[in-house]
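**Q** Sequence below, structure please.
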Amino acid sequence: MAVEGGCFCNKIRLQYTGEPNAHVLCHCLDCRKISGSSYSNNIIIPEDNFKLVSGTPKTISKQADTGKKITSHFCGDCGTTLMRTGESFPGAVIIKSGVLDDPKWPDKNVPKGELFVDERVPWTPAIKGADQLKGMP
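**A** From the prediction side, this is the model:
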């Protein structure tokens, strides 16, 4: 069964099938800036299980905190960041979980790890039972 999502204006639609490789929060400054929040909630999907259903995202690339290139894919109309790709996760697409259509998805899927935990804002507690990593695995 496909899991579907899209940007705020719904001009770009995406979907994935199968189980994610991982589900993690990221506290790095790049993810905080790109999400406009204190952290980002990310689903790592094998590239072969990902499909862009409609629309064409714009992209912006930069050197990430890790020193590797990362590309953000976003809607040119509403600005929603949908996903990221990059050298740190070859063969995978990092979907921002907030773009998924099912509003209960976050309730049913607790992240199993947290990245760049030293950069976590102090008022955000660690997820109980989740791996706590200082950087990328």
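
**Q** Helices of this structure, start to end?
**A** Assigned by DSSP state H, the helices in the chain fall at 29-35, 105-108.

**Q** Mind checking those helices for the one nearest to M1?
**A** Each of the helices of the chain was scored for nearness to M1 using Cβ to Cβ, and the closest is helix 105-108 (13.0 Å). Bear in mind the C-beta positions are built from the backbone N, C-alpha and C, glycine included.

**Q** Now do the nearest residue to V3 once chain neighbours are set aside: how many residues are near it, please.
**A** Closest residue to V3 apart from its sequence neighbours, by Cβ to Cβ, 6 or more residues apart in numbering: Y16 at 5.4 Å. When neighbours are counted by other Cβ atoms under 10 Å, Y16 registers 22.

**Q** just K51 next, same as before
**A** Neighbour count of K51, defined by other Cβ under 10 Å: 14.

**Q** please renumber so the chain begins at 13
**A** Okay, residue one is now 13; in that scheme the one you just asked about reads as K63.

**Q** OK, contacts around the closest residue to T136 other than its chain neighbours?
**A** Spatial nearest neighbour of T136, chain neighbours left out: S50 (5.9 Å); criterion: Cβ to Cβ, 6+ apart. Contact analysis of S50 by Cβ atoms under 8 Å, 6 or more residues apart in numbering lists 39, 44, 133, 136.

**Q** Only whichever of the residues you listed are buried, select them in ChimeraX.
**A** In ChimeraX, selecting the buried portion of the contacts of S50, with burial taken from 16 or more other Cβ atoms under 10 Å, looks like this:
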select :39,44
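
**Q** Can you tell me who the residue nearest to V15 pairs with across the strands?
**A** Judged by DSSP bridges, the bridge partners of Y28 are V15, F62.

**Q** Just to check, it is in contact with I107?
**A** Yes. Counting by Cβ atoms under 8 Å, Y28 does reach I107; the two are 6.7 Å apart.
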